[in-house]
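Engineer: predicted model follows, preceded by the sequence.
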Amino acid sequence: MKPARLGKGAVIGRNVRIGKRVSIWNLAYVGNDTTIGDDVSIGSLAHVDYDVVIGAGTRVEGSAYIPPLTRIGKGAFIGPAAVITNDPYPMSKKMVGVTVEDGAVIGGRAVVKAGVTVGRDSVVAMGAVVTRDVPPGVVVMGVPARFYCTRADYDSKKRSWETGKP
């Protein structure tokens, strides 16, 4: 299926399965044998390598790197210039993917180590370096990433910031 919006210079590999209402922006790359769900947006200059699965309603921002074997759930957010890795001992002959579960958020310029699972509805703060699994429903930040607060606390702070009301 052809994406609803394909930006100038975007490159789509072979055997890519693209859902409905997908936007792939300028100069983005999507590798072979990748599956993209409905209502996904892939930002300019993003690199989504081969054999990746991206669930419905997910946003991958510009300049993000999504390596082979990555599995991203539904409604996730991958921030600008975030880097997911798949080789725990570069340059080894064996790779392992990262799993980003439904509703998870990875902030801009965060780095996620190969083999890690970012739990459902969790948040990785911008610039964090994730070296181990992130449990569901928590916020991690720092280098290396550590527990900061719960997702409920994060959502409360976000609502206060958006409305200007404490």
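Structural biologist: Yes, it's here. Residues are numbered from 1 along each chain as shown.
Engineer: just the helices in this structure please.
Structural biologist: Taking DSSP state H as the criterion, the chain contains helices spanning 151-163.
Engineer: could you check the pLDDT of the spatially most central residue of it?
Structural biologist: Of all residues in the chain, the one closest to the mean position by C-alpha atoms, centre = their mean is residue 78, 3.4 Å from it. Note for residue 78: predicted pLDDT of 98.
Engineer: wait, it touches residue 58, no?
Structural biologist: Yes: with contact defined as C-beta atoms under 8 Å, residue 78 reaches residue 58; the gap is 7.4 Å. For the C-beta atoms, the positions are set from N, CA and C on the backbone; glycine is no exception.
Engineer: hey, what's in contact with both of these two?
Structural biologist: residue 72 (C-beta atoms under 8 Å, 6 or more residues apart in numbering).
Engineer: about what we covered before: can you tell me the closest non-neighbouring residue to the residue nearest to the centre of the chain?
Structural biologist: Spatial nearest neighbour of residue 78, chain neighbours left out: residue 60 (4.5 Å); criterion: C-beta to C-beta, 6 or more residues apart in numbering.
Engineer: tell me what the one you found is bridged to.
Structural biologist: Beta-bridge pairing of residue 60 under DSSP bridges involves residue 42, residue 78.
Engineer: check contacts around it.
Structural biologist: Residues near residue 60 by C-beta under 8 Å, 6+ apart: 40-43, 46, 48, 54, 66, 72, 78.
Engineer: will you turn those residues into JSON lines that also has distance to residue 95?
Structural biologist: JSON lines is the format used below for the contacts of residue 60 (distance: C-beta to C-beta, whole Å):
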{"residue": "40", "distance to residue 95": "23"}
{"residue": "41", "distance to residue 95": "26"}
{"residue": "42", "distance to residue 95": "21"}
{"residue": "43", "distance to residue 95": "24"}
{"residue": "46", "distance to residue 95": "19"}
{"residue": "48", "distance to residue 95": "15"}
{"residue": "54", "distance to residue 95": "18"}
{"residue": "66", "distance to residue 95": "13"}
{"residue": "72", "distance to residue 95": "16"}
{"residue": "78", "distance to residue 95": "19"}
